[in-house]
Structures are given as C-alpha cells and as structure tokens.
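quick check, what structure comes out for this input:
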Amino acid sequence: MNNGFQRRHLASPGPARIGIFDSGVGGLTVLREIYRQLPQESVLYFGDTARLPYGSRSPEEILYFVRQILTWMASQNVKMVMMACNTSSALALDIVQSEYDFPILGLIRPGAQAATQVGQRIGIIATQATVNSQAYPSAIQELSPQTPVWQVACPQFVTIVEGNQIQQPHARQTAEAYLSPLMEAQVDTLIYGCTHYPHLAPLLKTILPAKTQYVDPAVSMVAAAAKELDALGLRSNTAAWATDFYVSGSAKDFRRLAVQWLGHQPQVSQIRLPELAPQPVPSVDAHL
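Now for the predicted structure:
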C-alpha cells in the first residue's frame, strides 16, 4: 500500500524542521496533513510509546512529559512544534507556550473552530483526560455559545489502534457502545478528539448516520501552522528531507504498526528523553 506518505530520503542533516509528537501512531494523522499541505517542510516525529496511553494520565504527568519532549526537541533544530495529541493540547499547551522560544501549536481551538463552521449539534470523542479538561466544550461555547455539545470518553480506542485490533469484533462492539449516547443526542458533527481516532474512521462511519460530518482537527491545525510559518518568515523554500522518527518504546513495534499508514516501513530510532528537575505546577488546574 502506498498512500503518498513515502518521502524521498536525502543524505545530510537538512534544514530546521517541524517537530510533531504524540503518545504513539496517532500523530501520523497530523503528519499526513503536513505532507499534504506543507510538502516542502521537513519533519521530526516523536512517539512516546513507552508511556501511552496519555488519556488516563494526570495533568501533572502530562505536563512533565510534554516538557521533556519539548526540551529534547529544542536540541534537535526544530523551528516549530505541533502537539499531535489532544490530551497534551488540552492540559499543557497554554502553560508551555511561554517556556520555549519556538511556536507551539495545539489541536483544540482549530478543531473547535472547524466544527462550529459546519455543525449545529456537535459530538466529541476523546480520551478521559481530554474530556475531563472540558477543553473542547469550552472552546466551542466561546466560538458559538448557542451550539449544543456532547462528549464521550473512549479510553479503549487508543489501545485498539496501537494494538492493530481495528478489524476485530470487539472493536466494533466497543465503538457502538461509545457512540450510542451521541447517536441518541442526534449529533450531526463528530470531532475526532484524539489523533488516533481518524484511524478508526472506516469503522465509525459504518455505525453513525450517513449524513454525519467528521472533523479532524489535524487539518485545521496544519492550516494554522502554514499561516504562522508565513507570518514568521519560517516557511521552507527547498525540498523536504526524509522524516526522522523517534520513539521512547520499541522501535520495532512502531515500525510494524506504522507501515499500514505510511505505505512503507519507516526508519525508527529509540531514544531516552532527558530527565527534568521537578517544577511547581499550580497552573495546571487553572487551565482545566
């Protein structure tokens, strides 16, 4: 299978890159959009596979993980970082944006904005941590106060995707149970509130009504990134270099799982993130 993900491999360090991170393969949905919308940009991808799923983690843990990843990316010649993780975007984005000297983009507001432009009854499927944060309903209500919103935590979806279990019968049973409240609410628009969830699109579309509209926040986030790169004079005007993939867990497992979405088996390296000194986090709850 080749769906356009293959990148030409060039043989030198290359220019400043856009950093993307997620807990696993979910961020490949963002990578796909960068390849489509920003084909000249070089990318550094990190999957924190040793600590997935993020959705059951505490806000304090998520903030620490994000700071570790950003500190490492700061040493890797990135010019921008895109949080390809809704949980991180919901719990840490506002805090860390002022802590690093490169722009950091999240998924929540772009996704909310896209949904309010097309939907009158909006449903959200997300991790437990993202649901608990109320980030999507807050963003939607700010943009469109009269629009009703429903959200459902889907903790098993990441496990299903990362375990390559989408075709198994229990995946459909799980999806039907999660989507039932949204179907009862007659939502007309569904936000993928986790970057893993678009991988489930073929399954979800067999369960929800045919008229349902789907919002992938990655599309809007990358469009926002393009505008920011232009505004800051950071847009690349040379050919993109091969994407570098790094993980905190098994490189072999990531390669095996990623190939079905990349269309080729990527070169993946395992790394150890830097340990950071403990920092006070009183502002975490303030952002929920």
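
in stretch 244-252, what's buried?
Within stretch 244-252, the residues scored as buried using 16 or more other CB atoms under 10 Å are Asp244, Phe245, Tyr246, Val247, Ser248, Gly249, Ala251. Glycine gets a C-beta too; all of them are placed from N, C-alpha and C.

report the two of the residues you listed separated the most.
Asp244 and Gly249 (16.6 Å; CB to CB).

and the helices in the stretch 101-250 of the chain?
Ranges of helices in the stretch 101-250 of the chain, per DSSP state H, counting those that start in this stretch, are 108-118, 128-133, 135-143, 156-162, 169-184, 201-204, 217-232.

wait, isn't Gly119 in contact with Leu182?
No. With contact defined as CB atoms under 8 Å, Gly119 does not count as touching Leu182 (12.0 Å).

ignoring the adjacent residues along the chain, who's closest to Leu203?
Leaving aside its sequence neighbours, Leu203 sits nearest to Ala175 (CB to CB, 6 or more residues apart in numbering; 5.7 Å).

roughly how far does the one you found sit from Arg57?
As judged by CB to CB, to the nearest Å, Ala175 and Arg57 stand 23 Å apart.

and for Ala16?
Remark: distance between Ala16 and Arg57 (CB to CB) = 30 Å.

do the same with Tyr45
From Tyr45 over to Arg57 (counting by CB to CB), the distance is 21 Å.

and if you look at Leu182?
From Leu182 to Arg57 the distance is 25 Å (CB to CB).

same question for Arg36.
Using CB to CB, Arg36 is found at 30 Å from Arg57.

who has more neighbours out of those two?
A direct count of neighbours by other CB atoms under 10 Å for Arg36 and Arg57 places Arg57 higher, at 21 against 11.

around the closest residue to that one other than its chain neighbours, count how many other residues there are.
Computed as CB to CB, 6+ apart, the closest residue to Arg57 that is not its neighbour in sequence is Ala129, at 6.2 Å. Counted with other CB under 10 Å, the neighbours of Ala129 add up to 26.

ok, Ala129 touching Leu91?
Yes. Contact between Ala129 and Leu91 holds when scored by CB under 8 Å: they sit 6.4 Å apart.

hey, what's in contact with both of these two?
Common neighbours of Ala129 and Leu91, using CB atoms under 8 Å, 6 or more residues apart in numbering, are Pro59, Ile62.

surely Ala258 forms part of a helix?
Yes. Ala258 forms part of a helix when assessed by DSSP: H, G, I helix; E, B strand; the rest coil.

tell me the contacts of it?
Val25, Leu28, Phe245, Gln265, Pro266, Val268.

tell me the one of the residues you listed nearest Ser75?
Phe245 (16.9 Å).

that closest one contacts Gln265, correct?
No. Phe245 lies out of contact with Gln265 (CB under 8 Å); the separation is 10.4 Å.

residues contacting Thr130?
The neighbours of Thr130, taking CB under 8 Å, 6+ apart as the test, are Gly55, Asn86, Thr87, Ala90, Leu91, Tyr136, Ala153, Gly193, Cys194.

save these as a markdown table, and put in pLDDT and neighbour count too.
Compiled in a markdown table, the contacts of Thr130 are given as follows (pLDDT from 0 to 100; neighbours: other CB atoms under 10 Å):
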| residue | pLDDT | neighbour count |
| --- | --- | --- |
| Gly55 | 94 | 27 |
| Asn86 | 97 | 33 |
| Thr87 | 97 | 34 |
| Ala90 | 97 | 30 |
| Leu91 | 96 | 30 |
| Tyr136 | 98 | 27 |
| Ala153 | 98 | 20 |
| Gly193 | 98 | 30 |
| Cys194 | 97 | 32 |
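
show me the shaky parts of the stretch 1-150 of the chain.
1-14 (pLDDT under 70).

ok, back up a step: okay, the residue nearest to Leu203: pLDDT?
Note on Ala175: pLDDT of 98.

count of residues packed around it?
Using other CB under 10 Å, Ala175 is surrounded by 22 other residues.
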